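[1] my questions concern the predicted model and sequence given below.
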Amino acid sequence: MSQKTPEDKPITKTRRPSRIREAHEVKIIEAAEHIFAQRGFNGATLESIAEQASMSKQNMLYYFSSKELLYQTVLKNILNLWLEKLNLINQPGSDPATMLSNYIRDKLEISKSHPNGSKVFANEIINGAPHISQYLEENLKPALEADVKLVKGWIAEGLIDDIDPQHLFFVIWASTQTYADFSTQIQIALGKPELDDGDFKNAGDFLTHTLLKGIGLTFRLEQLNS
């Protein structure tokens, strides 16, 4: 029978704790998103987050040493998700209509899949971003500047109307994130206990139609919908 080499042993021993740690961290972060979304940073306690995660406070502190660290992790996770997957410049497609349509629908998908993270981020911004302002300066601003430069290029080529690129993004952010941040208001207005896939599809259809027409992409919009 062949014996394992010394090189084999670390692989077997290190992978399992890594997977366990990752699973516990995901569980804690999801619990923290829920509690922070409901109670805000000041109202949330480590005890309530640990209870939501179904683990002891002592065990949770092994992974996240403070409420501040856990809160910043939740904020950075949702922001990184937006930056990694939702930069307009990284969207598939070679024309403004396709790229913007994908951007809008993907932004809605994040609102659907991570509503609590979005709520936590919104509350942080409403309160002046006291915990994450530097992170926004270092990460959000450069990403936005790259996307604005792309839109300005479309304007220079005559592909879209001469609009203010920054306000285009502000409108997209506000209109897509409202389906997470103000989901309760929308549910009440629609008379539904929760928003479903059809609601997000309808939102995507409407926002794409309205925003693309608003920047002069009527003809291309008709092609996309045909």
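    Yep, that arrived.

[2] biggest helix in this protein by residues?
    For the chain, the longest helix by residue count, based on DSSP state H, is helix 8-43.

[3] would you indicate which residues of whatever helix or strand comes next after that helix are buried?
    Using DSSP states H and E, the helix or strand that follows helix 8-43 in sequence is helix 46-52. For helix 46-52, the neighbour count (16 or more other CB atoms under 10 Å) marks L46, S48, I49, A50, Q52 as buried. Backbone N, C-alpha and C define where each C-beta goes, glycine included.

[4] distance from the chain centre to the following helix or strand past helix 46-52, please.
    Next helix or strand after helix 46-52 toward the C-terminus (DSSP H and E): helix 57-63. On the basis of CA atoms, centre = their mean, to the nearest Å, helix 57-63 sits 26 Å off its chain's mean C-alpha point.

[5] helix 57-63 packs against which elements?
    When contacts are defined as 3 or more CB pairs under 8 Å, 6 or more residues apart in numbering; DSSP states H and E, helix 57-63 packs onto helix 8-43, helix 46-52.

[6] follow-up on the earlier one: need the buried residues of helix 46-52 in a markdown table with pLDDT, can you?
    Output for those, formatted as a markdown table (pLDDT from 0 to 100):
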| residue | pLDDT |
| --- | --- |
| L46 | 96 |
| S48 | 96 |
| I49 | 96 |
| A50 | 96 |
| Q52 | 96 |
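
[7] turn these into TSV, including distance to E22.
    Formatted as TSV, these follow (distance: CB to CB, whole Å):
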residue	distance to E22
L46	21
S48	23
I49	18
A50	18
Q52	19
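
[8] looking at those, which is nearest N59?
    Comparing the buried residues of helix 46-52 against N59 with CB to CB picks out A50 as the nearest, at 7.6 Å.

[9] now do that closest one against Y62, distance only.
    11 Å (CB to CB, to the nearest Å).

[10] over to L140?
    When distance is defined by CB to CB, L140 is 31 Å away from Y62.

[11] of the two, who's got more company?
    Each of L140 and Y62 has its neighbours counted (other CB atoms under 10 Å); L140 has more, 14 against 11.
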